[in-house]
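Engineer: Dropping a prediction and its sequence here:
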Amino acid sequence: MTDNTITPLKTVDNIAMAQAIWNDASPAYQERIPQATQAGLQETVRALTKFRPLKNEFSDALINRIGSVIARNMSWSNDLAEFKRGMMTYGNTIEEIQVGLIQAHTYNPDRDYLEKDLFSTELPEIQANFHTINRMNFYPVTVNEPMLMRAFLENDGLSKFVSSLMTAAITSDNWDEFLLMCQLFAEYESNGGFYHVHVEDVASYTTGSTEAKDALRKMRAMAATLQFPSTKYNAAHMPSFASNDELVLFVTPEFQAGVDVEALAGAFNMEKAQLTGRIKVIPKEQFGITGAQALMTVRDFFVVADTLLENTSQYNPVSLNNKYFLHHQGVISASRFVPAVLFHTGADDEVIQIATPVVSVSALVTSDITGATVTTVNRGNIYQIDAAAVTNPAGGLNDAVTYSLTGANSPYTYITPAGVLHVSGDETGTALVVVATSTWINPDNPRQDGATATETLTVAGGMIPWPQEGVIENITIRGVDVAGFVAGTLTYASPVPAPILASDVLVYTLNSGATSVSVDATAKIVTVVFDGGIGAPVTYTITAP
């Protein structure tokens, strides 16, 4: 029989009604996560931007070690759990260190590298972030066994029910962890971390294929760009890069559907049109950023590790209750060092390009080995040509020049790429012209000649004998030196009597050059022809007594 008894409605006061409306209207994050945990997460991310150790200083010691990963069976699995770093067995802080690039120096074999080059301090830029424990939650479940025993008709009904209660605790824990990890996106954006790229609202149902394809093109272009080191794409502005197989793309369900339907469905070459990297779908409301369409980063964006994961229980003999506790503590944070690009409906980030065109090259300065400025160079010496301040306006980045030299007659007079001028001792020229040409190429007119500066140097000093081809140092016959041998003298007396064989004669030359030795029929006159000197061939005659 149907019970037609009318039960009166329970009255609800204003406070209860307001609380119910607030619960329904609030995001799941605010509804689920305790306020202390929310504050801890926000404080952690904010602290990352505030705590920056001084550049070029190393930390005293590593504080923490990453533990092994603990796997759990759960009813609802956190889809972002794969980005966690495992269990931290010891310590309460994760230290993250990023080392910058090192400036290249030019090697010059003509220079002496002394104590400044050997023992000077050359520290690269170094930044460190410390991620501390900011989540300490527990999930209690109370079970009154005597009361529940009456409600179950089978013997193992209670144990099954208790298991389902603990499954609910694990599911709650994982859902909260998912919300916390998603909240990192908003916290990171709040601290100015993301690099922003504008795309149209592909998630909107009014968006067509043009907008979807445009967003797809920008994402593929950014994925290719991130393969190369750059300081633009992370919050710390440290050099970072990522290969395509490292990238992870977090998208909203609406954005993924828009791209699939509007861009990929009609693509002839699906492989070329697809998004780059692994794709993870995040509910739109969990991004916490208005206009967010997608986020491109790497798995190391998440600095998430458990420090405690434990089940405990306590029996109350008075109330006959068993109370079960699931404890979960750990670090929930984000890295400031990895690439992180946000595609949103807002404006692109403004990247300030410092243009330093070279209008002219400064006057050249020639210095001798004492550092004194000279305009006259002596034969046999070396000099430094300096055009350091080549840009106008000054202080630009494009200060490289190439040097060229004219007026030299000796092949041993030359200038190095570093501006070191070698003046040969046999230089017959009287003036050397050095031209410094800027290597900067005008992007608006690449064929335009670079700016130049010219200096004319007077050559002074006497000629210095220089070992040349064609110079014979000595001649021996049967191992005995020809007495008084001088390269400029062509006639000599043999130190040994006839007969002399050609094999008895040895010719010693300073540089390479062909020589021939012959002896006349009397075996008294030796003729040495040297075909390697100035005015070659040169003939030496040696007569035996």
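Structural biologist: Yes, it's here.
Engineer: which residues sit in contact with L490?
Structural biologist: The contact partners of L490, taken as Cβ atoms under 8 Å, 6 or more residues apart in numbering, are 538-541. No exception for glycine: its C-beta is placed from N, CA and C like everyone else's.
Engineer: Try it again at 7 Å.
Structural biologist: Taking Cβ atoms under 7 Å, 6 or more residues apart in numbering, we find L490 in contact with 539-541.
Engineer: so how far is the host helix or strand of A212 from its chain's centroid?
Structural biologist: Element membership for A212, per DSSP states H and E: helix 209-225. Relative to the centre of its chain, helix 209-225 is centred 24 Å away, using Cα atoms, centre = their mean, to the nearest Å.
Engineer: pLDDT averaged over it, what's the number?
Structural biologist: Averaging pLDDT along helix 209-225 yields 86.
Engineer: What is the very next helix or strand once past that helix packed up against?
Structural biologist: For helix 209-225, the following helix or strand on the C-terminal side (DSSP H and E) is strand 247-251. Where contact means 3 or more Cβ pairs under 7 Å, 6 or more residues apart in numbering; DSSP states H and E, strand 247-251 is packed against strand 278-281, strand 292-298.
Engineer: Show the pLDDT at E285.
Structural biologist: The model reports E285 with a pLDDT of 85.
Engineer: Kindly confirm my reading that it is in a helix.
Structural biologist: Yes - when classified by DSSP: H, G, I helix; E, B strand; the rest coil, E285 is found to be part of a helix.
Engineer: count of residues packed around it?
Structural biologist: Each residue near E285 was counted by other Cβ atoms under 10 Å, and the total is 11.
Engineer: Mind jotting down where the strands sit in the stretch 101-250 of the chain?
Structural biologist: Here the stretch 101-250 of the chain has its strands, by DSSP state E, counting those that start in this stretch, at 126-132, 135-144, 195-198, 247-251.
Engineer: still on that earlier bit, now render the contacts of L490 as JSON lines, adding distance to T456, pLDDT and secondary structure.
Structural biologist: Putting those into JSON lines (distance: Cβ to Cβ, whole Å; pLDDT from 0 to 100; DSSP: H, G, I helix; E, B strand; the rest coil) gives the following:
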{"residue": "T539", "distance to T456": "43", "pLDDT": "86", "secondary structure": "strand"}
{"residue": "Y540", "distance to T456": "43", "pLDDT": "89", "secondary structure": "strand"}
{"residue": "T541", "distance to T456": "48", "pLDDT": "92", "secondary structure": "strand"}
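Engineer: May I see the PyMOL selection of the buried members of the residues you listed?
Structural biologist: Only the buried entries of those go into this PyMOL selection, using 16 or more other Cβ atoms under 10 Å:
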select buried, resi 540
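Engineer: of the contacts of L490, closest to T307?
Structural biologist: Y540 (92.2 Å; Cβ to Cβ).
Engineer: Now that closest one. Nearest residue, chain neighbours left out?
Structural biologist: Using Cβ to Cβ, 6 or more residues apart in numbering and skipping the chain neighbours, the partner closest in space to Y540 is V528 (4.2 Å).
Engineer: State the helix or strand in which the one you found lies.
Structural biologist: Counting by DSSP H and E, V528 is part of strand 525-531.
Engineer: Show me what that strand is packed up against.
Structural biologist: Looks like strand 525-531 contacts strand 505-509, strand 514-519, strand 538-543 (3+ Cβ pairs under 7 Å, 6+ apart).
Engineer: quick one, helices of the stretch 51-200 of the chain?
Structural biologist: Ranges of helices in the stretch 51-200 of the chain, per DSSP state H, counting those that start in this stretch, are 115-119, 145-149, 157-190.
Engineer: Which one of those has the poorest average confidence?
Structural biologist: When the helices of the stretch 51-200 of the chain are ranked by mean pLDDT, helix 145-149 comes last with a mean of 61.
Engineer: Please verify my assumption that Q98 contacts F337.
Structural biologist: Yes - taking contacts as Cβ atoms under 7 Å, Q98 lies within contact range of F337: 4.2 Å.
Engineer: before we move on, the earlier item: for M219, which of the strands of the stretch 101-250 of the chain is the nearest?
Structural biologist: Closest to M219 of those, according to Cβ to Cβ: strand 247-251, at 7.2 Å.
Engineer: Tell me what angle the closest one forms with helix 157-190.
Structural biologist: With axes from the mean of the first three to the mean of the last three Cα atoms, to 10 degrees as the basis, strand 247-251 and helix 157-190 are set at 100 degrees to each other.
Engineer: Going along the chain from strand 247-251, find the next helix or strand for me.
Structural biologist: For strand 247-251, the succeeding helix or strand toward the C-terminus, using DSSP H and E, is helix 253-259.
Engineer: For that next one, could you pull out the residues that count as buried?
Structural biologist: Under the neighbour-count criterion of 16+ other Cβ under 10 Å, helix 253-259 has 254-256, 258-259 buried.
Engineer: And stretch 309-318, by the same measure?
Structural biologist: Buried-residue list, stretch 309-318, by 16+ other Cβ under 10 Å: empty.
Engineer: Stretch 192-206 too?
Structural biologist: Within stretch 192-206, the residues that qualify as buried are 193-195, 197-203, counting by 16+ other Cβ under 10 Å.
Engineer: measure it end to end?
Structural biologist: 30 Å (Cα to Cα, to the nearest Å).
Engineer: Show the average pLDDT along it.
Structural biologist: The pLDDT scores in stretch 192-206 average 86.
Engineer: Now do that stretch: distance to the chain's middle.
Structural biologist: Taking Cα atoms, centre = their mean, the mean C-alpha location of stretch 192-206 is offset from the chain mean by 27 Å.
Engineer: How about stretch 79-93?
Structural biologist: The answer for stretch 79-93 is 26 Å, by Cα atoms, centre = their mean.
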